[in-house]
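S.K.: Starting from these lines, generate the structure:
(one chain, ligands or ions: 2)
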Amino acid sequence: MEFDLSILKPQELVSLQLRSLYEKAGYRKYHMGRFEEYGLYQENLHFLPSEQVITFTDLDGRLLALKPDVTLSIAKNAQASAEERTKYYYIENVYRPSLESHTFEEISQMGLECMGRVDDAATAEVVRLALESLGRTGRPFLLQLGHMGFVTGLLDAVGAPERCRLELLECIRDKKAHALRQAASREGLSKQGTDALCRLLELSGEGARVVESADALALNSAMSDALEELRSICGALGRDAKGVQVDLAQVGDMDYYNGLVFQGFLDGCPRAVLKGGRYDPLVARFHPGARAIGFALYLNELNRRLPEREEGERMLSVALPKGRLGDQIYHLLASVGYGCGENYSETRKLVVENQSAGIRYFLVKPSDVAIYVEHGAADVGFVGRDILCEHGADVYELLDTGLGRCDMCVAGPEDFEEEPDRALRVATKFVRIAREHYAAQGRDIDVIELNGSIELAPILGLSDVIVDIVETGTTLRENHLKVIERFMPISARFIANRSSYLFKQEAVLRLLTRLSEVIAQ
Ligand SMILES: Nc1ncnc2c1ncn2[C@@H]1O[C@H](COP(=O)(O)OP(=O)(O)OP(=O)(O)O)[C@@H](O)[C@H]1O
Ligand SMILES: O=P(O)(O)OC[C@H]1O[C@H](OP(=O)(O)OP(=O)(O)O)[C@H](O)[C@@H]1O
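M.R.: Ligands and ions are numbered 1, 2, ... in the order given. You can find the predicted model right below:
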């Protein structure tokens, strides 16, 4: 019987091809039970992507879970030892909370794990299989290698205190040089130390070149060893290294990864489709002395592909916030050659473009900018720090434009007095920011979520105070309110989709350079 492969979805076709690839490389298929004992996850919560797990009590009284992860089960059950190597691959669905839909989602994963005696050859084999896995999708791809040893070595070398390491790592991961500098200076790091951390953000690109220029930054043996390992992997890949890049600012989960880390991207897919690395601490919990390396390919992401762009039409798309902030940003962009012939604010058009400048603007609601960019519907965008803090977004934050400056404040009636023995009623649009602010003070609050004209709430007795943006202070003054606490400076940030940053890098960096120059004037 003839079988028509064209009826298969991308993820089905790829998983068929990868099965054969992994089997040929000596990996055996690992079959997971439908459910796993919740105890396994409870004891290893910090190795999971999220602590939220779907649980239920089985008919025999055992507390079971819908698996949020496969690696943990393989690590527990594999016959791994420091002397021998066990190689498994899997195709499984896992269940994790989705930040987008605020529900649990089913994620289809295909991956492999190499446990036990993991030496240079085994590492190179896993990286090569990751590369070939991306290649089997038939689309342009990039595999970015990084190394946790280099990053943590650098944090040690510059004397970064433990309390701020997570914050610094987040700044590095999101390429937020401006925030990295601020945090480093607040923590009293030296100028050289701060410069070294910022320099890390620039260490990405073709493998051998990046490793070579990183040599000068290797301040201790952990950093040199990491570079040596990357050099050896790039060397072992040899001519297969096409599509491989090194990004030393790539930061994986600190609890999980302890060495090489890597992420795979496909042109047209908005986020990483493959993630992996070295995770000795997890496997060593079950098999002392054993090491481990592996990766997972997110098959769902292959179906999430963005609409095909016409050949030659590789314009940079920009999510521009409608309104006062967007107007300021547009004027700035127009002043450096990215203007459009028509005045967008005089039309109702939501898309305006300048083909010769290679730029297309989408006019979106300010609070939606980060969503467009994170999902790859726009390559880059401009968004207030308030929105980024409130909603979070998995994007690069490349520049603080300094535009749209204002502050997040607690404000209340002019005669406001604290009553510490009861929960404070706080009206706000920024629920998360307000909760985090008061949680840090240990103050109990009741949040009243509103969408606008927040200042009315305390006037009408709906709340005691508000958490809102204050720019000139006019709105507060005219409504007989006062600033009680000014706690977060805000300005508009230039953000980029992680995949667009790679596949449209020239255009993104050109825009970034022009913006930085004009802002610095
Ligand atoms: N006075 C201000 N009031 C509100 N936002 C300001 C002010 N000054 C600067 N901003 C910045 O401009 C961004 C857009 O604010 P704007 O008031 O135009 O939209 P919005 O009404 O808050 O948006 P949405 O309609 O999406 O809720 C804010 O996220 C903030 O970063
Ligand atoms: O300090 P000021 O210069 O007076 O600016 C602050 C005001 O501007 C914003 O409101 P916006 O105009 O966005 O309307 P909103 O009530 O719909 O949020 C903010 O929520 C304040 O109300």
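
S.K.: Sketch out the strands for the stretch 51-200 of the chain, chain order is fine.
M.R.: Counting by DSSP state E, counting those that start in this stretch, the stretch 51-200 of the chain has strands at residues 55-57, 63-66, 85-97, 104-116, 141-147.

S.K.: how about TSV for the ones you listed, with mean pLDDT added?
M.R.: Shown next, in TSV, are the strands of the stretch 51-200 of the chain (pLDDT from 0 to 100):
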stretch	mean pLDDT
strand 55-57	95
strand 63-66	94
strand 85-97	94
strand 104-116	94
strand 141-147	96
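
S.K.: Find out how far stretch 65-72 is from the centre of the chain, if you would.
M.R.: In terms of C-alpha atoms, centre = their mean, to the nearest Å, the centre of stretch 65-72 is found 21 Å from the chain centre.

S.K.: Am I right that residue 14 is in contact with residue 303?
M.R.: No: using C-beta atoms under 8 Å, residue 14 makes no contact with residue 303, being 10.2 Å away. Glycine gets a C-beta too; all of them are placed from N, C-alpha and C.

S.K.: Could you check which of these two has the larger neighbour count?
M.R.: residue 14 (22 against 12; other C-beta atoms under 10 Å).

S.K.: Which strands and helices lie in contact with the strand or helix carrying the more buried one?
M.R.: Following DSSP states H and E, one finds residue 14 within helix 10-24. Applying 3 or more C-beta pairs under 8 Å, 6 or more residues apart in numbering; DSSP states H and E, we find helix 10-24 packed against strand 85-97, strand 104-116, helix 120-135, helix 299-303.

S.K.: Restrict it to CA atoms and write it as CSV.
M.R.: Extracted in CSV, the C-alpha atoms of helix 10-24 (Å, rounded to 0.1, in the frame of the first residue of the first chain):
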residue,chain,number,x,y,z
PRO,A,10,5.0,18.8,10.4
GLN,A,11,5.4,17.4,13.9
GLU,A,12,4.3,13.9,12.8
LEU,A,13,6.7,13.8,9.9
VAL,A,14,9.6,15.1,12.0
SER,A,15,9.0,12.7,14.8
LEU,A,16,9.0,9.7,12.4
GLN,A,17,12.3,10.9,10.9
LEU,A,18,13.8,11.5,14.3
ARG,A,19,12.9,8.0,15.6
SER,A,20,15.0,6.5,12.9
LEU,A,21,17.8,9.0,13.5
TYR,A,22,18.0,8.3,17.2
GLU,A,23,17.6,4.5,16.9
LYS,A,24,20.6,4.5,14.4
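
S.K.: Let the chain start at 42 from now.
M.R.: Noted, 42 is the first residue going forward, which turns the last one into helix 51-65.

S.K.: so after that helix, what's the next helix or strand?
M.R.: Where DSSP H and E defines the elements, the next helix or strand beyond helix 51-65 is strand 69-70.

S.K.: what about the residue of the chain found nearest ligand 1, distance to residue 374?
M.R.: Ligand 1 sits closest to residue 425 of the chain, with a gap of 2.0 Å, by C-beta to the nearest ligand atom. Counting by C-beta to C-beta, to the nearest Å, the separation of residue 425 from residue 374 is 17 Å.

S.K.: One more: residue 522?
M.R.: Look at residue 522 and residue 374: by C-beta to C-beta, they are 35 Å apart.

S.K.: Same question for residue 95.
M.R.: Distance, residue 95 to residue 374, by C-beta to C-beta: 45 Å.

S.K.: And residue 87, by the same measure?
M.R.: 43 Å.

S.K.: now do residue 65
M.R.: Relative to residue 374, and taking C-beta to C-beta, residue 65 is found at 51 Å.
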